[in-house]
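Q: coords please:
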Amino acid sequence: MTLLENLWYGNVNPHEAILTENRRYKHLLSLMGRNRDELSETLTDKQLETLEKYDEAMNEMHSLAEVEAFSYGFRLGVWLMIEAGVPLTKETT
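A: Predicted coordinates:
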């Protein structure tokens, strides 16, 4: 199966592979979780509901940004190949 076929069938998940080994990312993720848990313990129910809505909006915004970054990166890679004169045929894979 080709890379594009694997991507189509969901066997390739670029967003999962990018930061899995990045120690700084893992540290920041842990720090955010601890701070959010600490904050959540001090909020009223209404404030907690507002925080949940904020989290949902942030997650949606990050998802949109990731899709756009992936799409742009893919297009940029193709443009670079074209400019470099790499033939876009099956024989190049």
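Q: secondary structure element for residue 65?
A: Using DSSP states H and E, residue 65 falls within helix 45-84.
Q: elements contacting that helix?
A: Secondary-structure packing of helix 45-84 (3 or more C-beta pairs under 8 Å, 6 or more residues apart in numbering; DSSP states H and E): helix 14-17, helix 23-42. The C-beta positions use only the backbone N, C-alpha and C, and glycine is treated the same way.
Q: least confident of these, on average?
A: Of all the helices and strands packed on helix 45-84, mean pLDDT reaches its minimum on helix 14-17 (a mean of 65).
Q: by mean pLDDT, point me to the weakest helix or strand of the protein.
A: Taking mean pLDDT, DSSP states H and E as the measure, the chain has helix 14-17 as its least confident helix or strand, at a mean of 65.
Q: circling back to that earlier point, the helix holding residue 65 to helix 23-42, inter-axis angle?
A: Orientation check (axes from the mean of the first three to the mean of the last three C-alpha atoms, to 10 degrees): helix 45-84 against helix 23-42 gives 160 degrees.
Q: alright, calling it a day.
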